[in-house]
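>>> Got a predicted structure here, sequence first:
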Amino acid sequence: MFLNTTSPRRSLNIPININLQGARRRQTRVQEQDCSRGVDGCGGQRARTQVPVSSAGEDRAILLGFTMMAFSVLMFFVVGITVVKPYINSKWEEASCAVLHSEILEEWMDCRGVSSVPCLRVKVNLTGSNQTFALHFDEESVLLAPECFYIPKCLMDRAELQKEVEKVKNSLDTQLGITSSCLTDPTRHPRDAILKRKYTYKKTLFALLWPCLMLGAGALLVGLVKLTQTSCIMQCKKQKNNKHNM
């Protein structure tokens, strides 16, 4: 009794969809054939697809290069304060000294408020004069311990500290009266002499080597990425001009 009026409408959906898909495929084929023949309208689309865009890897490489250069500048600042400046301000000159005597002071020195350490004092005579100087290990010990040649590390065992200082003293006693090289600064430290420099020319160059390498590597990385991008852009422009000439 009841008529099904919806079934004819549903039966028309499948042919319609098939016809639409077939039309789209034919239209896509026609566009591809026109583009392959060089028909106007496809050149702009190709030009847009051929424009190089920087990838995420290139962006990260550039960021890494600039980060390396920034850290190298920071390293230059730190090395300049801690190494280069003391080396430039150092005015110690070569001289010859002879050890007169060495002694361990009875009064121990305070070491950072943690413990006390013994002080080894050494007197030397400058060759060619009758002046007596206090010998120090390097220029830094002149400022930290003006009366001492050697101070051991801050240890809690007093017996170990005494033994270490006596070992250094016995080594110096074997050099009594023997002329050896030393350094003097008559202008700023007229009564002091040092055994060797802490900041030398080689150490200064070695300290500057690492920030220079990091700066050069960062600049090289950025330059290579930029060179690659520039060559890619020029190549794409050259191909575009060749296609227009054809």
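Now that the structure is in, tell me what you want to look at.
>>> going forward, measure contacts and count neighbours with C-alpha atoms only.
Will do.
>>> Return the backbone torsion pair for Met109.
Main-chain torsions, Met109, degrees, to the nearest 10: phi -100, psi 150.
>>> Can you give the distance of the longest helix along the chain from its chain's centre?
For the chain, the helix with the greatest residue count under DSSP state H is helix 201-245. Mean-position distance between helix 201-245 and its chain equals 19 Å (Cα atoms, centre = their mean, to the nearest Å).
>>> Please shift the residue numbers so they start at 657 in all later answers.
Let's use 657 as the start, then, which means that last one is helix 857-901.
>>> Output the contacting helices and strands for it.
Where contact means 3 or more Cα pairs under 8 Å, 6 or more residues apart in numbering; DSSP states H and E, helix 857-901 is packed against helix 712-735.
>>> just the angle between the helix it packs on and helix 857-901, please?
160 degrees (axes from the mean of the first three to the mean of the last three Cα atoms, to 10 degrees).
>>> Going by neighbour count, list what's buried in the helix or strand just after helix 712-735.
Using DSSP states H and E, the helix or strand that follows helix 712-735 in sequence is helix 741-745. Buried residues in helix 741-745, defined by neighbour count with 16 or more other Cα atoms under 10 Å: Pro742, Tyr743.
>>> Also stretch 811-828?
Leu817, Val821, Glu822, Lys825.
>>> just stretch 748-760 next, same as before
For stretch 748-760, by 16+ other Cα under 10 Å, it's Trp748, Ala751, Ser752, Cys753, Ala754, Val755, Leu756, His757, Ser758, Ile760.
>>> Quick check, pLDDT for the first one.
Going back to what we said before, that points to Trp748. Looking at Trp748, its pLDDT is 86.
>>> export the buried residues of stretch 811-828 to TSV and tack on secondary structure, pLDDT and distance to Tyr857?
Output for the buried residues of stretch 811-828, formatted as TSV (DSSP: H, G, I helix; E, B strand; the rest coil; pLDDT from 0 to 100; distance: Cα to Cα, whole Å):
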residue	secondary structure	pLDDT	distance to Tyr857
Leu817	helix	84	33
Val821	helix	87	30
Glu822	helix	88	33
Lys825	helix	88	30
